[in-house]
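Student: got a sequence here, can you build the structure:
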Amino acid sequence: MKLRADTFLLITVAMLFTGSVLAERADRDKPIHLESDQATVQDANKLATFTGNVVFTQGTLVIRADKMTVKEDANGFQYATAFGNLASFRQKRDGKDDYIEGWSERMEYDGKADKVQLFKKARLKRGHDEVHGDYIAYDAINEFFQVTSNNNGTSTQTNADGRVRAVIQPKKKEPNPKDESP
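Tutor: Below is the predicted model:
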């Protein structure tokens with residue numbers, strides 16, 4: 001029965017975020033701006049390391065970290081790995097006037113695939129809904145969202161039992177005019 005409850009939770013969480021976490025599409029075409037206290041650039045390897053109050057901005061996407069490495073592939077796509085206590089990202093949802101936000105100790109951003117992966121003490125929030133786990137994958141292009149936990153009892157999550165946690169707020173219902181008295 002435990003497997004069914006875990007599967008139900010995963011499906012419920014996926015339905016909650018699927019179709020509504022799509023990132024701002026225009027972000028992919030925007031330049032990347034990076035700022036930090038220090039930077040080391042290995043131009044030959046197309047690798048840069050930024051340390052101290054790092055801020056990565058591309059359109060509405062903002063990643064903040066204590067340390068970040070950024071690599072560029074032959075086609076000009078960027079891949080970033082951010083570390084912090086906690087590293088964070090925030091991005092506007094496509095066609096909506098709200099944001100999706102995430103936090104973790106380590107975060108990996110794939111600019112080509114438009115994916116963010118959160119590792120250790122991972123948390124993702126949209127509005128008042130949020131999920132916690134040891135690992136969260138957020139794929140904006142394919143509208144895919146996944147949360148997993150470390151079930152062997154050695155979780156790095158604030159929940160010592162290593163389980164995925166979700167808070168899903170009820171949606172506000174439109175008032176029915178027939179229910180109102182004159």
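Student: which residue packs closest to residue 118, ignoring adjacent ones?
Tutor: Of all residues beyond its chain neighbours, the one nearest residue 118 is residue 104 (3.6 Å), with distances taken as C-beta to C-beta, 6 or more residues apart in numbering. C-beta: built from backbone N, CA, C; applies to glycine.
Student: so that neighbour is in contact with residue 131, correct?
Tutor: No - at 11.9 Å, residue 104 and residue 131 do not qualify as touching, with contact defined as C-beta atoms under 8 Å.
Student: out of these two, which sits in the busier spot?
Tutor: Neighbours were tallied for residue 104 and for residue 131 using other C-beta atoms under 10 Å; the higher tally belongs to residue 104 (27 against 23).
Student: who are the packing partners of the longest strand seen in the chain?
Tutor: Of all the segments assigned as strand in the chain under DSSP state E, the longest by residue count is strand 78-92. Under the contact criterion of 3 or more C-beta pairs under 8 Å, 6 or more residues apart in numbering; DSSP states H and E, strand 78-92 touches strand 47-58, strand 61-72, strand 99-110.
Student: grab the most central residue of the chain for me.
Tutor: By C-alpha atoms, centre = their mean, the mean C-alpha position of the chain lies nearest to residue 102, the distance being 4.3 Å.
Student: what bridges to it?
Tutor: With DSSP bridges applied, the residues forming beta bridges to residue 102 are residue 89, residue 124.
Student: in the protein, which helix or strand is least confident?
Tutor: helix 2-17 (a mean of 38; mean pLDDT, DSSP states H and E).
Student: so residue 44: helix, strand or coil?
Tutor: Each residue gets one of three states, and residue 44 gets helix by DSSP: H, G, I helix; E, B strand; the rest coil.
Student: next, count neighbours for it.
Tutor: Residues contacting residue 44 under the criterion other C-beta under 10 Å number 6.
Student: please tell me how far the nearest residue to residue 83 once chain neighbours are set aside sits from residue 47.
Tutor: In space, residue 83 comes closest to residue 67 once its chain neighbours are excluded; the distance is 4.6 Å by C-beta to C-beta, 6+ apart. Computed as C-beta to C-beta, to the nearest Å, the residue 67 to residue 47 distance reads 13 Å.
Student: with residue 124 instead?
Tutor: From residue 124 over to residue 47 the distance is 28 Å, taken as C-beta to C-beta.
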